[in-house]
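Novice: Pasting a predicted model and its sequence here:
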Amino acid sequence: METQANRLHQLVGSSPSKQNTHTKFIAITSGKGGVGKSTVSANLANIIANNGYKVALFDADIGLANLDVILNVRIDKNILHVLKGECALSDIIVPIKKNLILIPGESGDEILKYSEQFLFERFLEETKVLDELDFMIIDTGAGIGEHIQLFLEAADEVIVVTVPDPAAITDAYATIKITSKTQSHIHLLLNMTKNEREAQLIFEKINKVAMGNIPGLSLNLIGKLPEDKLISKSIKQRTLFTNDAPNSLASLDMKRIANNLIYKMERKVLQNDTGKSFGSFFKRIIEQF
């Protein structure tokens with residue numbers, strides 16, 4: 001176990017240019033399933049890691065944890081096993097590539113009901129090995145369930161993913177409205193779009209309704225991704241399109257999204273350093289459940 005812990009320290013050691021950094025938490029969510037939320041999460045994490053930041057992907061899609069499938073890795077245990085005291089945190093973490101690790105989630109809500117005090121305190125102690133992460137991408141479930149909102153409330157930034165479909169747009173708006181009760185600034189990402197104009201028009205319609213009905217909300221179009229066979233192919237092959245074709249339109253769009261997000265978050269940190277550790281983040285989730 002000590003060897004694995006040492007390997008984990010090496011994987012998530014502090015970035016050369018950013019000592020003693022605080023982790024920034026980005027929650028990716030959607031109003032309905034099937035809009036590409038997990039694909040966005042995995043590829044966004046991949047791009048940010050390529051930029052030299054230390055990144056963890058946390059699979060918090062309770063009921064349908066599937067990032068291991070998307071990343072084509074095998075997992076034997078997940079975070080629930082750690083909470084139960086059956087293994088150490090370092091035992092479940094999967095190294096994906098340089099600067100990128102996966103924290104496997106549990107396909108069921110038992111993870112949010114488990115809070116045996118002694119074991120939970122030990123778990124929080126073990127999470128210190130992750131304190132030097134720059135970013136944690138949290139792939140939440142779809143919809144407006146209570147457990148999903150806990151993750152969204154605790155995150156530094158929330159990205160709502162939707163597609164140009166009336167039902168998906170309606171569900172995305174419902175998610176934005178519920179989330180606005182705890183987050184005054186929310187990002188929108190349009191997936192499977194024909195072009196930039198389509199994405200902008202959809203955003204303007206959603207934003208117009210939001211501005212008229214949700215006081216104090218700042219809604220931001222963080223970017224768009226095209227309807228691209230390359231993305232569909234990568235999903236079937238269990239690869240990342242940002243690796244398969246780094247200079248494709250889809251990959252360039254994802255790079256712009258990542259750059260926009262990093263820029264906005266770093267400006268926010270300069271104004272108000274609200275960074276926290278994975279341990280404190282997870283403690284807040286469990287204590288509210």
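Specialist: Received the coordinates, thanks. Numbering: from 1, shown residues only.

Novice: can we go C-alpha only for contacts and neighbour counts from here?
Specialist: Fine.

Novice: Mind jotting down where the strands sit in this protein?
Specialist: For the chain, applying DSSP state E gives strands covering 24-30, 55-60, 94-97, 100-103, 135-142, 157-162, 185-193, 218-226.

Novice: Touching the third one from outside, list them.
Specialist: Yep, that's strand 94-97 we're talking about. Residues lying outside strand 94-97 but in contact with it, judged by Cα atoms under 8 Å, 6 or more residues apart in numbering, are 11, 71, 73, 75, 101-104.

Novice: Also the fifth one?
Specialist: Under the contact criterion Cα under 8 Å, 6+ apart, strand 135-142 has outside partners 23-33, 37-38, 41, 45, 53-64, 148, 151.

Novice: Could you list every helix and strand that the lengthiest helix in the chain packs against?
Specialist: Ranked by residue count and defined by DSSP state H, the top helix of the chain is helix 249-271. If contacts are counted by 3 or more Cα pairs under 8 Å, 6 or more residues apart in numbering; DSSP states H and E, helix 249-271 sits against helix 37-50, strand 218-226, helix 241-244.

Novice: Report all helices and strands that the shortest one contacts.
Specialist: Helices and strands touching helix 241-244, by 3+ Cα pairs under 8 Å, 6+ apart, are helix 37-50, helix 229-237, helix 249-271.

Novice: filter the contacts of strand 135-142 to the buried ones?
Specialist: 23-33, 37-38, 41, 45, 53-62, 148, 151 (16 or more other Cα atoms under 10 Å).

Novice: so what pLDDT did Glu132 get?
Specialist: Looking at Glu132, its pLDDT reads 87.

Novice: Am I right that it is in contact with Val55?
Specialist: No: using Cα atoms under 8 Å, Glu132 makes no contact with Val55, being 9.6 Å away.

Novice: ok so, going back, need the helices and strands packed on helix 249-271 in a markdown table (columns: mean pLDDT and distance to Phe278).
Specialist: Listed next are the helices and strands packed on helix 249-271 as a markdown table, based on pLDDT from 0 to 100; distance: least, Cα to Cα, whole Å:
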| stretch | mean pLDDT | distance to Phe278 |
| --- | --- | --- |
| helix 37-50 | 97 | 16 |
| strand 218-226 | 97 | 24 |
| helix 241-244 | 97 | 26 |
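
Novice: Let me know which of the ones you listed is tucked in deepest.
Specialist: When the helices and strands packed on helix 249-271 are scored by mean count of other Cα atoms under 10 Å, the highest mean neighbour count falls to helix 37-50 (a mean of 23).

Novice: would you list the helices and strands packed on helix 241-244 in JSON lines and tack on distance to Glu86?
Specialist: Rendered in JSON lines, the data for those read as follows (distance: least, Cα to Cα, whole Å):
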{"stretch": "helix 37-50", "distance to Glu86": "27"}
{"stretch": "helix 229-237", "distance to Glu86": "32"}
{"stretch": "helix 249-271", "distance to Glu86": "36"}
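
Novice: List just the one of those helices that sits closest to Asn207.
Specialist: Put simply, out of those the one that sits nearest Asn207 is helix 249-271, at 18.7 Å, with distance taken as Cα to Cα.

Novice: pLDDT of that closest one, averaged?
Specialist: Averaged over helix 249-271, pLDDT sits at 88.

Novice: Which among the helices and strands packed on helix 249-271 is found nearest to Lys233?
Specialist: Shortest distance between Lys233 and those, using Cα to Cα, is found for helix 241-244: 8.3 Å.

Novice: what's in contact with that closest one?
Specialist: Outside of helix 241-244, the residues that reach it under the criterion Cα under 8 Å, 6+ apart are 43, 46-47, 230-231, 234, 250-251, 254.

Novice: cutoff 7 Å now
Specialist: When contacts are taken as Cα atoms under 7 Å, 6 or more residues apart in numbering, the neighbours of helix 241-244 outside the stretch itself are 43, 230-231, 234, 251.

Novice: Check the residues you listed and tell me the two furthest apart.
Specialist: Greatest spatial distance in the contacts of helix 241-244: Asn43 and Leu230, 13.0 Å, computed using Cα to Cα.

Novice: can you list residues touching both of these two?
Specialist: With Cα under 7 Å, 6+ apart applied, the contact sets of Asn43 and Leu230 do not overlap.

Novice: Around the residue nearest to Leu225 when sequence neighbours are not counted, count how many other residues there are.
Specialist: Taking Cα to Cα, 6 or more residues apart in numbering, and ignoring the residues beside it in sequence, Leu225 has Asn191 as its nearest neighbour in space, at 4.7 Å. With neighbours defined by other Cα atoms under 10 Å, the count for Asn191 comes to 22.
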